[in-house]
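Colleague: below is the sequence, then the predicted model.
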Amino acid sequence: MLIQENTGLILIDVQGKLARIVNESEKLATNLEKLIRGCQILSIPIIWAEQNPKGLGSTIPELEKLLVHQKPIEKYSFNAFDDETFKQTVLDSGRKQWLICGIEAHICVYQTVMGLLLNNFDVEIVADCVSSRAKESVAIALQKLQNKGAYLTSLEMCLYELVKDSRRDIFKEILTLIK
């Protein structure tokens, strides 16, 4: 089970033209907006990475506007955990459970999840918040990551798991967000 005080969110490379051509790109952007807002309501820390932003462009505006109080971590390695700034940010957070979202599922998401798993973090991939250009690439990545010890969750499942109780003040905010 996810524990609010132990969980963080990692957003991987939802940038430029690539973000607009991945499979079900509009649905992905909408789900990512909800996930980010939900994590903000729950005070879940968010680590935001961009792969070679000079080449791929910046994070799509609808997500960037939600993250105005922080800066993305620029990276060049497909495994974000290989980047020292990213790695130190993860370690400094004190969080042991990580929700992962972004693109592309079979490249940067896959390699970052592997980096986290190899460093003994619990990882849950938000399956309806990841994509790749080819739908088949997502399925292969998710299957392989599950075999390596990552778990799958969904946008709604992880947010309700973190809320835990409908009597909490934040429940109504999360419910409104999900609807």
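Modeller: Right, received. Where do you want to start? Keep in mind that this is a model prediction, so the values were computed, not measured.
Colleague: what number of residues lie near Pro45?
Modeller: Number of residues near Pro45 (other C-beta atoms under 10 Å) recorded here: 18. C-beta here means a position set from N, CA and C on the backbone, and glycine is covered the same way.
Colleague: those strands in this protein, which residues are they?
Modeller: 7-12, 46-51, 73-75, 97-103, 122-131, 151-153 (DSSP state E).
Colleague: give the buried residues for the last one.
Modeller: Which is strand 151-153. Residues of strand 151-153 classed as buried: Thr153 (neighbour count, 16 or more other C-beta atoms under 10 Å).
Colleague: avg pLDDT for stretch 168-179?
Modeller: The predicted model assigns stretch 168-179 a mean pLDDT of 93.
Colleague: when you give positions from now on, start the count at 44
Modeller: Okay, residue one is now 44; in that scheme the one you just asked about reads as stretch 211-222.
Colleague: can you show me the helices along this protein?
Modeller: Assigned by DSSP state H, the helices in the chain fall at 59-64, 68-84, 96-99, 104-107, 127-136, 153-161, 178-190, 198-206, 214-221.
Colleague: okay, those in JSON lines with mean neighbour count and distance to Lys118 next?
Modeller: Converted to JSON lines, these look like this (neighbours: other C-beta atoms under 10 Å; distance: least, C-beta to C-beta, whole Å):
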{"stretch": "helix 59-64", "mean neighbour count": "15", "distance to Lys118": "15"}
{"stretch": "helix 68-84", "mean neighbour count": "19", "distance to Lys118": "18"}
{"stretch": "helix 96-99", "mean neighbour count": "12", "distance to Lys118": "9"}
{"stretch": "helix 104-107", "mean neighbour count": "14", "distance to Lys118": "17"}
{"stretch": "helix 127-136", "mean neighbour count": "15", "distance to Lys118": "6"}
{"stretch": "helix 153-161", "mean neighbour count": "21", "distance to Lys118": "9"}
{"stretch": "helix 178-190", "mean neighbour count": "16", "distance to Lys118": "18"}
{"stretch": "helix 198-206", "mean neighbour count": "20", "distance to Lys118": "24"}
{"stretch": "helix 214-221", "mean neighbour count": "14", "distance to Lys118": "29"}
